[in-house]
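Asker: what shape does this take:
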Amino acid sequence: MSGTTTAGNRRTAGVPRQWRGTEASGGANRWVVLLVLCVSLLLVAVDATVLHVAVPAVTEDLRPGAIELLWIVDVYPLVCASLLILFGTLGDRVGRRRVLLLGYALFGAASAIAAFAPNPQILIVARALLGVGGAMIMPATLSILRQVFPDRRERALAIGIWSAVAAVGAAVGPLLGGFLVENFWWGSVFLVNLPLMIVALPVGRWLLPESTGDKNGPWDVLGAVMAACGLFCVVLGVKRVGSGAGPLDAVTAAPVLIGVVLLVLFVRRQRRRTHPLVDLKLFARPAFSISVGCIVLALLALVGLELIAAQYLQLVLGLTPLETGLRLLPLTFAAMAAGLVGSRMLQWLGPRVMVVVGFALTALAVLSLTAMGLSDRPAVLVGGFIVLGFGLETTLFSAYESMLNEASAGSAGGAAAIGETSYQLGAGIGIALLGSVMNAAYKPGVSSVPGVPASASSDASQSLGAAYKVSDRLGGHAGEALRSASRAAFVHGLHVTLAVSAGLLLLGALAALRLPRVMECAADDEESSQASADQQARADQRGPADRQGPADRQGPADRQGPADRQGPAEQQGPDGTDAPARLDRATVAAES
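Answerer: Alright, predicted model coming up:
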């Protein structure tokens, strides 16, 4: 059998027979599997943002230097982004559940180390290990989801729930971190992971199905290392630009150049190999390549904007971090709603219209936020954030669903890793790009304030927070003039950044016009799923003795079906590639 190796041929070790509904053929318990996968994703999503509000407490306790503090914050997403392809394709080879469970164990152990880190160096190492665990967990959840839900309609609903959970995790992280830091100590933001991981390990071992992709040929270790190192260098350079370093700075440009060279060599190597690590032919399919591009553009336009909006709420409007988090909650609730109704909308509108509408709604929301000024306008902000959250989640859900649908079950891990990598790269590049636009629009407004020395103006041009410190140091009319000018310059820069973001979103809407017009659901998927459900129901009505079919009473040789007796060439399609995934599901359904 090509494509996915499932428990349809043999029971997965450690999974009781009554839980066979969680196998690739789908069954009554696949929603329980989705619940386990969503809990996994929630932990990773929360951990990506939970440390942000704990940074002051960490700084006060461990006294890290400026470079050490930067690594404490950035090493997690940096390591996670660079290893997604490595562990996604490794899961296709050795087993996705196995990689996921190892990720659980590593994530829990690293959380314990981080919680009790005695110095900055140990905390950096622990955060790096958390990034490794996150890279093992994230692509595995999507690839297992692709296996458990063979029917596209059900899979679309599952992806909608999965993406809604991701939105919740990103919003809950800062709120949870603030609560834990205020009531306990900074290490509690990591320690909260342990109970959930202790439960997730045995539950995942019992409930989750095991599956692998095509095992033909050796796993490309050198290619995996090249991809990991190349992505690490590129993301490192992008993050340095986002933190204010010059793009032509040697320390910034060198990693990016090395990373680009490694990734080009990786692509050339994959094209030459008979059994590549990543099937680059996927990018020849418009639905896949355009979906990946839409994910990058959506994150490019909005992640950096979200950070700037948080600074606006705190530094211009004077809200506390908790009030800022609460003000952003409507965006999260709208994203959750879009994820939950996304499946119905996708069947009704189709991928092309849905992604275009999502981009258009998001651009409209971004432009409406240009009404933000020096005074608070809660109604405008709440309305804009609601439309923004709904539009963004509509876009990301549709793009992820279309991308994953183009990949076979056997290459689901690699496809999921490509999607998650594009997400991380889009976020990193967006922070650097929109941050640069913001700085370029902000600096002229504070460069020549009457009564302010040139040196003070230079310091104030670094950021709004720096301008406030300089104004407090100056005092008097000069300090007040600098504070007022810096606030006005920041609002002007915010408006310019919003316009650039809206332009990127409209570019994404144009690109989405090449997506498929309708959501195509193969009849084979529905038939195999229904056949599996019917056979399982009949098996439950029969006694134990009756459940033993003719195949169970035959010898090992007689149990082989026609597909099992075929040679490797007969199990492939006419073009030499694996047979379509729907044939695997039909076979699994028949053997259930």
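
Asker: tell me the mean pLDDT over stretch 310-319?
Answerer: Averaged over stretch 310-319, pLDDT sits at 82.

Asker: that one: how far from the chain's middle?
Answerer: Chain-centre distance of stretch 310-319: 27 Å, with Cα atoms, centre = their mean, to the nearest Å.

Asker: now do stretch 46-53
Answerer: For stretch 46-53, the distance to the chain centre is 15 Å (Cα atoms, centre = their mean).

Asker: same question for stretch 227-237.
Answerer: 17 Å.

Asker: check stretch 60-69 too.
Answerer: On Cα atoms, centre = their mean, the centre of stretch 60-69 falls 28 Å from that of its chain.

Asker: for that stretch, give the mean pLDDT please.
Answerer: So the average pLDDT for stretch 60-69 ends up being 82.

Asker: just say helix, strand or coil for the spatially most central residue of the chain.
Answerer: The residue lying closest to the centre of the chain (Cα atoms, centre = their mean) is residue 420, at 4.6 Å. Secondary structure state of residue 420, per DSSP: H, G, I helix; E, B strand; the rest coil, is helix.

Asker: gap between it and residue 198?
Answerer: 25 Å (Cβ to Cβ, to the nearest Å). The C-beta positions use only the backbone N, C-alpha and C, and glycine is treated the same way.

Asker: low-scoring stretches of the stretch 251-400 of the chain, by residue?
Answerer: Where the stretch 251-400 of the chain drops to pLDDT under 70, the residues are 304.

Asker: give me that answer again for 80
Answerer: Applying pLDDT under 80 to the stretch 251-400 of the chain picks out residues 275, 277-279, 302-308, 310-311, 320-325.

Asker: re the thing from before, surely the residue nearest to the centre of the chain meets residue 139?
Answerer: Yes. Between residue 420 and residue 139 there is a contact under Cβ atoms under 8 Å: 5.7 Å.

Asker: what residues of the host helix or strand of residue 224 count as buried?
Answerer: For residue 224, the host element (DSSP states H and E) is helix 221-242. Judged by neighbour count using 16 or more other Cβ atoms under 10 Å, the buried positions of helix 221-242 are 223-224, 226-242.

Asker: on that earlier part again, what's near enough to touch the residue nearest to the centre of the chain?
Answerer: 84, 88, 138-139, 142 (Cβ atoms under 8 Å, 6 or more residues apart in numbering).

Asker: what of residue 506?
Answerer: 359-360, 363 are the contacts of residue 506 under Cβ under 8 Å, 6+ apart.

Asker: I'd like those as CSV, with secondary structure and neighbour count appended.
Answerer: What follows is those, written out as CSV (DSSP: H, G, I helix; E, B strand; the rest coil; neighbours: other Cβ atoms under 10 Å):
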residue, secondary structure, neighbour count
359, helix, 30
360, helix, 18
363, helix, 24
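
Asker: let me know the closest of those to residue 428.
Answerer: residue 359 (20.5 Å; Cβ to Cβ).

Asker: so what's that closest one closest to, chain neighbours aside?
Answerer: residue 509 (3.7 Å; Cβ to Cβ, 6 or more residues apart in numbering).

Asker: list the buried residues in the host helix or strand of that neighbour.
Answerer: When elements are defined using DSSP H and E, residue 509 is found to belong to helix 476-511. For helix 476-511, the buried set under the neighbour-count rule, 16+ other Cβ under 10 Å, comprises 478-479, 481-483, 485-491, 493-498, 500-502, 504-509, 511.

Asker: mean confidence for it?
Answerer: What helix 476-511 shows for mean pLDDT is 90.

Asker: gap between stretch 123-136 and the chain center?
Answerer: 16 Å.

Asker: tell me the buried residues in that stretch?
Answerer: Neighbour-count burial for stretch 123-136 [16+ other Cβ under 10 Å]: 123-124, 126-136.

Asker: now do the contacts for residue 414.
Answerer: 85, 88-89, 92, 213, 277-279, 407.

Asker: look up how far residue 369 lies from it.
Answerer: Counting by Cβ to Cβ - residue 414 and residue 369 are separated by 37 Å.

Asker: check which helices and strands the helix holding residue 224 sits against.
Answerer: helix 66-94, helix 250-272, helix 412-442 (3 or more Cβ pairs under 8 Å, 6 or more residues apart in numbering; DSSP states H and E).

Asker: which elements pack onto the next helix or strand after the longest one?
Answerer: What it means is helix 412-442. Downstream of helix 412-442, the next assigned helix or strand under DSSP H and E is helix 454-460. Counting contacts by 3+ Cβ pairs under 8 Å, 6+ apart, helix 454-460 is packed against helix 464-474, helix 476-511.

Asker: out of those, which is closest to residue 402?
Answerer: Going by Cβ to Cβ, the one of the helices and strands packed on helix 454-460 nearest residue 402 is helix 476-511, 12.5 Å.

Asker: angle of the closest one against helix 464-474?
Answerer: 170 degrees (axes from the mean of the first three to the mean of the last three Cα atoms, to 10 degrees).

Asker: max pairwise distance over the contacts of residue 420: which two?
Answerer: 84 and 142 (10.6 Å).

Asker: quick one, what contacts residue 136?
Answerer: Residue 136 neighbours (Cβ under 8 Å, 6+ apart): 83, 87, 91, 99-100, 102-103, 106.

Asker: if we go to 7 Å?
Answerer: With contacts defined as Cβ atoms under 7 Å, 6 or more residues apart in numbering, residue 136 is in contact with 87, 99-100, 102-103, 106.

Asker: take the residues you listed and write them to JSON lines, including neighbour count.
Answerer: Output for those, formatted as JSON lines (neighbours: other Cβ atoms under 10 Å):
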{"residue": "87", "neighbour count": "28"}
{"residue": "99", "neighbour count": "24"}
{"residue": "100", "neighbour count": "28"}
{"residue": "102", "neighbour count": "21"}
{"residue": "103", "neighbour count": "27"}
{"residue": "106", "neighbour count": "19"}
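
Asker: what is the nearest of these to residue 339?
Answerer: For these, the nearest to residue 339 is residue 100 (21.6 Å; Cβ to Cβ).

Asker: how close does the closest one sit to residue 424?
Answerer: Counting by Cβ to Cβ - residue 100 and residue 424 are separated by 19 Å.

Asker: residue 62 now?
Answerer: Taking Cβ to Cβ, one finds residue 62 at 26 Å from residue 424.

Asker: more neighbours, the two?
Answerer: Set side by side, residue 62 and residue 424 show more neighbours around residue 424, with 24 against 18, by other Cβ atoms under 10 Å.

Asker: might one say that that one is in contact with residue 81?
Answerer: Yes. With contact defined as Cβ atoms under 7 Å, residue 424 counts as touching residue 81 (3.6 Å).
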